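Trainee: What follows is a predicted structure for the sequence shown.
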Amino acid sequence: MEAELDTKEFVVIDNGSGFIKAGFSGEDSPKVVIPSVLGKYDPTEPGRPAITKFGNEIDLKDPHCALYFPIERSIIKDTDQDWENMRDIWEHLIKDQLQLDPSTINVLITDPVLNSRENKQRISQIFFESIGVSSLGIMSSPVLSLFSTGKTRGIVVDIGDGSTSIVPIFEGFALPHATKRIPLSGIDITNYLLQNLSMHLKPEQFTVARGIKEEMLVVPQDYEKTMNGKDLITDEESCYELPSGEIIKINKQTRVNAAEILFRPSIINKEIGGIPEITAESIFKCDIDLRADMYSNISLSGGTSMMRGFHERMEKEIRTIMSGTVMGNEIKVVSDSFRQHAAWIGGSMLASLSTFGQFMVMSKAEWEAEGTIRQSLVHKFTF
Ligand SMILES: Nc1ncnc2c1ncn2[C@@H]1O[C@H](COP(=O)(O)OP(=O)(O)OP(=O)(O)O)[C@@H](O)[C@H]1O
């Protein structure tokens, strides 16, 4: 049965390349977290209905099910098929998972860094004209992440599944000239493991590789020493039991290199700096008067920042890069235990403020009244 929300309540949706989080404003964590994938069964297969499955419902081993990933590197891909798939996922979340009547709900959706105006317009169009929600707000994902920590100044380093966003924020506003989004994140580590364990894993077993990554990897504090040293690793530490029951041994080189990718992208042939270097570059692009607010509050968010040892290594590297400058002694990397869902939590907190619904969202009536100049309406209500 569909439920109705209090008219002031919001459904908060955080779209990620790996996972979509959805739930109600004012709550501490999302009600639903599903993988951002949709599976469609071929309707021409004898005995198979033309059905669509979402996230964890999909049997990844089923060869008759075609998989679709509508979000790539944090941005919805630009084909009609991907937008339709995204709409289907949102509808599934609202109607099937949260059991809500879309026409009664207000939605706050997170906005990835450097998303285009056209994408925001298309998101608004789908929510108002196809799903039919009552009002919609669009808020910058890193601004929400910082808000979840109770701060309005600092630099957010958000390492998700599809991308890493590095965003200096001052008084709640992102500074676009110093903002970076880089294609280096959790999926690159997962893919590295898939490739290096191809004797044991098939390409479609990316969820197994993801599990290995989350359970086994530890970021080395000193890469060369860890690689060359004879640190004692027990068999237990290097063995992993696959869902089939097979126990595989993952050699030290694979484990250490996988965990090092975010600091040394050349391991996967990417010619970009590691996350600490790019964070430092971003801080140096900020006005000199703002830099102290940034380097004393480097705020980690996103699931990949949960990797063991990441926080410590990040702080160590930034200190090394900035040693000899006035910033050297005051560098502080902050990581809250809830950082995996920081953007969603920030959205939940913000949308529960009484003024949020009054000033920061567009209503369906406004959308319909705007006619052809909707682009400026969407822009006005994107924060
Ligand atoms: N303990 C852990 N160690 C390493 N990686 C982890 C850990 N926990 C979660 N992750 C990884 O975090 C990623 C998901 O994080 P998150 O939900 O922030 O990304 P997303 O929002 O889906 O992607 P994006 O924001 O990049 O579009 C996955 O790659 C997941 O494997």
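Mentor: Cool, the structure landed.
Trainee: Identify all contacting residues around stretch 268-280.
Mentor: 155, 157, 159, 164, 166, 180, 182-184, 188, 191-192, 261-265, 281, 298, 314, 317-318, 321-322 (CB atoms under 8 Å, 6 or more residues apart in numbering). No exception for glycine: its C-beta is placed from N, CA and C like everyone else's.
Trainee: same deal with stretch 317-326?
Mentor: Under CB under 8 Å, 6+ apart, the answer for stretch 317-326 is F263, G274, P276, E277, T279, A280, Y295, I298, G328, I331, V333.
Trainee: Enumerate the residues of the stretch 51-200 of the chain near the ligand.
Mentor: S74, G160, D161, G162, S163, S185, G186 (CB under 6 Å from any ligand atom).
Trainee: Residue ranges in this protein under the pLDDT threshold?
Mentor: Applying pLDDT under 70 to the chain flags the ranges 1-8, 43-49, 230-237, 328, 371-383.
Trainee: which one is G309 nearest to, not counting chain neighbours?
Mentor: V219 (3.6 Å; CB to CB, 6 or more residues apart in numbering).
Trainee: my guess is that neighbour contacts F263, does it?
Mentor: Yes: here V219 reaches F263: they are 7.5 Å apart, a contact under CB atoms under 8 Å.
Trainee: Find residues that contact each of those two.
Mentor: R313.
Trainee: just the buried members of the contacts of stretch 268-280?
Mentor: Buried subset of the contacts of stretch 268-280 (neighbour count, 16 or more other CB atoms under 10 Å): 155, 157, 159, 164, 166, 180, 182, 184, 188, 191-192, 261-263, 265, 298, 314, 317-318, 321-322.
Trainee: Now intersect those with the strands, please.
Mentor: By the criterion of DSSP state E, membership of the buried ones among the contacts of stretch 268-280 in strands covers I155, V157, I159, T164, I166, K180, I182, I298.
Trainee: Quick one: neighbours of I288, just the number.
Mentor: As a burial measure, I288 scores 7 neighbours (other CB atoms under 10 Å).
Trainee: and I248, helix, strand or coil?
Mentor: For I248, the secondary-structure state derived from DSSP: H, G, I helix; E, B strand; the rest coil is strand.
Trainee: quick one: the nearest residue to it once chain neighbours are set aside from Y41, how far?
Mentor: Using CB to CB, 6+ apart and skipping the chain neighbours, the partner closest in space to I248 is H200 (4.8 Å). Note on H200: its distance to Y41, by CB to CB, to the nearest Å, is 28 Å.
Trainee: Ok, G162 next?
Mentor: To Y41, G162 is 26 Å away according to CB to CB.
Trainee: From the neighbour counts alone, determine which of the two ranks first.
Mentor: G162 (22 against 17).
Trainee: show me the contacts for the more buried one.
Mentor: G16, S17, G18, I71, E72, R73, S74, P183, S185, G186, I187.
Trainee: That one looks like it's in a strand, true?
Mentor: No: counting by three-state DSSP, G162 falls outside a strand, being coil.
Trainee: Can you pull the phi/psi pair for it?
Mentor: The phi/psi pair for G162 (degrees, to the nearest 10) reads phi -100, psi -20.
Trainee: so who does the nearest residue to it once chain neighbours are set aside touch?
Mentor: Leaving aside its chain neighbours, G162 sits nearest to S17 (2.7 Å; criterion: CB to CB, 6+ apart). S17 is in contact with S36, F69, I71, E72, R73, S74, G160, D161, G162, S163, I187, counting by CB under 8 Å, 6+ apart.
Trainee: The same query, at a cut-off of 7 Å, please.
Mentor: S36, I71, E72, R73, S74, G160, D161, G162, S163, I187 (CB atoms under 7 Å, 6 or more residues apart in numbering).
Trainee: what's the farthest-apart pair in those residues?
Mentor: Spatially, the most separated pair among the contacts of S17 is S36 and S163, at 13.0 Å (CB to CB).
Trainee: The residue nearest to I248 contacts K249, correct?
Mentor: No: contact criterion CB atoms under 7 Å: H200 and K249 do not qualify, at 9.6 Å.
Trainee: where does the residue of the stretch 1-150 of the chain found nearest the ligand fall, phi/psi-wise?
Mentor: The nearest approach of the stretch 1-150 of the chain to the ligand comes at G16, 2.0 Å away (CB to the nearest ligand atom). Here is the backbone geometry of G16 (degrees, to the nearest 10): phi -130, psi 160.
Trainee: what's the neighbour count on it?
Mentor: 26.
Trainee: surely it meets S163?
Mentor: No: counting by CB under 7 Å, G16 stays clear of S163, with 9.6 Å between them.
Trainee: can you give me the strands for the stretch 51-200 of the chain?
Mentor: Counting by DSSP state E, counting those that start in this stretch, the stretch 51-200 of the chain has these strands, from start to end: 52-54, 65-68, 71-72, 75-76, 106-111, 135-140, 154-159, 164-170, 173-174, 180-182.
Trainee: Give me the sheet partners of the longest one and which way each runs.
Mentor: Within its sheet, and counting by DSSP bridges, strand 164-170 is paired with strand 154-159 (antiparallel), strand 173-174 (antiparallel), strand 180-182 (antiparallel).
Trainee: For the shortest one, give me every contacting residue.
Mentor: What that stands for is strand 173-174. Residues from elsewhere that reach strand 173-174 (CB under 7 Å, 6+ apart): S140, P142, V143, V167.
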